[in-house]
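Asks: heads up, no residue letters with this:
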């Protein structure tokens, strides 16, 4: 492929093509990303409880919830008992102490479990959403953007590049050339 020195792409031309690729594809990509987020949220709304049941987390969370309720009740009873006893004697009151040290494994709370379950369910929903038509279109648009950027970086003649990009963008219904809107008549 022979190229004339005058027809080679200049740096500013490459940058122009790269910015134009971004302008043309960004709205399409953002639209598909929003559709994916909606799909993920829909999956999560329908299935977090079902997901918890499916993997057996519902039983663990339920047991932990009961244990935390018992812990709160026991903690309140302990506070009331020791506070009441400390009030009976000045010597008890002076040495009243509330220090507890536990390992992290003993600090797993109901909120920790729910948070973890939520993250797992979201990850599963994302995997399911990637298989939907919106997910496949988003993957295609991102690959198209990468291909267009490669064409710009690898091209040497502006006219060839414009034709290649126009053909590539036609696949997703986006025109490389922008038509000007008509002006309203006076």
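Replies: Received it, and whenever you're ready, just let me know what you need. Treat the numbers as computed from the prediction; the structure is a model and nothing was measured. Residues are numbered from 1 along each chain as shown.
Asks: next one: stretch 45-52 to chain centre, how far?
Replies: 18 Å (Cα atoms, centre = their mean, to the nearest Å).
Asks: Show me which residues of it are buried.
Replies: Residues 47-48, 51-52 are the ones in stretch 45-52 that count as buried (16 or more other Cβ atoms under 10 Å). Where you see a C-beta, it was placed from the backbone N, CA and C, and this is true even at glycine.
Asks: any idea of the mean pLDDT for it?
Replies: Averaging pLDDT along stretch 45-52 yields 81.
Asks: what's that stretch in contact with?
Replies: The contact list for stretch 45-52 (Cβ atoms under 8 Å, 6 or more residues apart in numbering) reads 57-58, 61, 117-118, 120-121, 124-125.
Asks: rerun at 7 Å
Replies: The contact list for stretch 45-52 (Cβ atoms under 7 Å, 6 or more residues apart in numbering) reads 58, 61, 117-118, 121, 124.
Asks: which two of these lie the greatest distance from each other?
Replies: The distance between the two most remote of those (Cβ to Cβ) is 16.8 Å, for 61 and 124.
Asks: and the helix or strand residue 141 falls within, what's its mean pLDDT?
Replies: According to DSSP states H and E, residue 141 maps onto helix 133-154. Averaged over helix 133-154, pLDDT sits at 85.
Asks: quick one: buried residues of the helix or strand that comes right after it?
Replies: Note on helix 133-154: by DSSP H and E, the next helix or strand toward the C-terminus is helix 158-170. For helix 158-170, the neighbour count (16+ other Cβ under 10 Å) marks 158, 161, 164-165, 168-169 as buried.
Asks: swap in stretch 15-33?
Replies: Neighbour-count burial for stretch 15-33 flags 17, 20-21, 24-25, 28-29, 32 (criterion: 16+ other Cβ under 10 Å).
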